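predicted model, plus sequence, below.
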Amino acid sequence: MKFLVLSSDFYGYGSSIVNTLRRRGFDANLLSMNRNGFIPYIRDKFLPRLEIFGPAKYSFEKFQSKIRQYIRDNRYDAIIAFLGDIIITPDTLKFIKIHSPETERILWLSDKFERFKGYEDILPYFSRIFTFELRDIEIIKKIYNGYVKHMMLFFDNSHYYPFTSDKDIDFLFIGAWYGPYYKNRREVLGYLSEICDKDNFKLVIIGPNGWGNPMGYFRDLVYARKFFKYVYPGRISHKEINTYYQRSKIILNIPIDCQTDGYPMRLFEVPGSGNCLLTQYMPGLENVYDCLNEIAIFHNLDQLKKECLELLFNEKKRTFIAKNGYYRSINEHTLSHRLKIILDSIGIFMNIESKLNRKSIYPTFGGDRHIIT
């Protein structure tokens, strides 16, 4: 069986999908469009504001040509487009349908549908659609009458896994905070910084930063003015993120304003790394994790403070939550579990190893020795 995976290069999740397929014995190729970094930002964001569209258009068309060339040179059983933004055109999808009609064209939405323009044009050309936001299904069905299914995101347990480390960070948050969708997140981080100011707790916040240029620096200073002193420079790799997770007593998940039941990677990566997650409540969360024993939740700022202090001074409870969350994650929420759902839908069998026993010893791993499922 052969697969072509299309993705933007956001945190390398396309590589995770390809590597997981290969570990399962499948042949898989990756085409990833560079949408991150200084040059892509100038090309795709800054120059269009000056009404200079040529570089972005050329790069986009060049990527479409590369997709079509792969289709000419190979026979794929399925194309999996793991997309948070648009990197494929209707014309390219038409080309695939005509020149390789037996190939399943699968769209896996990794961001909320309403955040991007252009999905309306490409949806009809996919044979199957999977979306991480349950409430987006109703929107999608208004413009697409094919196969559509809700499927949560995942964690890649070749990157996120437990290992022994000193817990020298009290609270950790990794993620973005600037822009119109992050008002709630800024409010929570601002309130948490006040708690840390008062009691001298160590808070680490890693996310977008403008240390590389003056405009970005002042942008971040304005958006993160309440908690700026706790911000560490990002962007960091999966390995570095997992190391920060192991160093942290409590790791927060704070949904963005427009998210309802579309759970981010962080929700699975933190428990999957064997650590204690404290998350703001999102609808349906109790169907994914046990909110008393596998993760901790808060609904408002007062409850945030109560949970933070209780967890911080109760190591036994943190360890209990982390242990249970880990076993839930490794048994139900890995990338392999999600890919199995996709492959089952097109009649391809993929084996997943037997479940870990919750009664077994809580795993800690030294160096790079860890379980891959």
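Okay, I see it.

any chance you could map the strands in this structure?
2-8, 27-33, 78-83, 104-109, 128-131, 147-150, 169-174, 203-207, 231-233, 248-253, 277-280, 296-298 (DSSP state E).

make TSV from those strands and add mean neighbour count, distance to F349 and mean pLDDT to it.
C-beta: built from backbone N, CA, C; applies to glycine. Formatted as TSV, the strands of the chain follow (neighbours: other Cβ atoms under 10 Å; distance: least, Cβ to Cβ, whole Å; pLDDT from 0 to 100):
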stretch	mean neighbour count	distance to F349	mean pLDDT
strand 2-8	23	14	96
strand 27-33	19	15	96
strand 78-83	24	14	96
strand 104-109	23	15	96
strand 128-131	22	17	96
strand 147-150	15	18	97
strand 169-174	22	36	97
strand 203-207	21	40	92
strand 231-233	16	44	83
strand 248-253	24	34	98
strand 277-280	23	33	98
strand 296-298	20	37	98
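
right, and those - which one's nearest S158?
Among these, strand 27-33 comes nearest to S158, with 14.6 Å by Cβ to Cβ.

which strands and helices sit next to the closest one?
strand 2-8, helix 13-23, helix 54-73 (3 or more Cβ pairs under 8 Å, 6 or more residues apart in numbering; DSSP states H and E).

ok, G262 touching H150?
No - G262 lies out of contact with H150 (Cβ atoms under 8 Å); the separation is 9.4 Å.

stretch 245-256: end-to-end distance?
Start-to-end span of stretch 245-256 (Cα to Cα, to the nearest Å) is 21 Å.

again, but for stretch 12-30
Termini of stretch 12-30 sit 11 Å apart (Cα to Cα).

next one: that stretch to chain centre, how far?
Stretch 12-30 sits 16 Å away from the centroid of its parent chain (Cα atoms, centre = their mean, to the nearest Å).

re earlier: out of the helices and strands packed on strand 27-33, deepest packed?
strand 2-8 (a mean of 23; mean count of other Cβ atoms under 10 Å).

give me the angle between that strand and strand 104-109.
On the basis of axes from the mean of the first three to the mean of the last three Cα atoms, to 10 degrees, strand 2-8 is oriented at 30 degrees to strand 104-109.

thinking again about what came up before, export the strands of the chain to TSV and append columns for distance to I39.
TSV is the format used below for these (distance: least, Cβ to Cβ, whole Å):
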stretch	distance to I39
strand 2-8	14
strand 27-33	13
strand 78-83	21
strand 104-109	27
strand 128-131	31
strand 147-150	36
strand 169-174	24
strand 203-207	21
strand 231-233	19
strand 248-253	31
strand 277-280	35
strand 296-298	40
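
so which of the ones you listed is nearest L339?
Comparing the strands of the chain by their distance to L339 (Cβ to Cβ), the top pick is strand 78-83, with 8.5 Å.

now do that closest one: everything it contacts.
With contacts defined as Cβ atoms under 8 Å, 6 or more residues apart in numbering, strand 78-83 is touched by 1, 3-8, 13-14, 17, 87-88, 96, 103-111, 126, 342, 346, 348.

low pLDDT regions in this protein?
Low-confidence segments of the chain (pLDDT under 70): 209-217, 354-373.

per-domain residue ranges of it.
The chain breaks down by automatic domain parsing into domains covering 2-150, 169-331.

turn those domains into a markdown table, columns for distance to I352.
Listed next are those as a markdown table, based on distance: least, Cβ to Cβ, whole Å:
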| stretch | distance to I352 |
| --- | --- |
| domain 2-150 | 9 |
| domain 169-331 | 10 |
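
between those, which gets nearest to R338?
In terms of Cβ to Cβ, the element of these nearest to R338 is domain 2-150, at 8.3 Å.

centre of the chain to that closest one, how far?
On Cα atoms, centre = their mean, the centre of domain 2-150 falls 16 Å from the chain's centre.

please begin residue numbering at 239 from this point
Right, with 239 as the first residue, what we last looked at is domain 240-388.

start and end of it, how far apart?
24 Å.

likewise for stretch 474-494?
Stretch 474-494 has an end-to-end distance of 20 Å (Cα to Cα).
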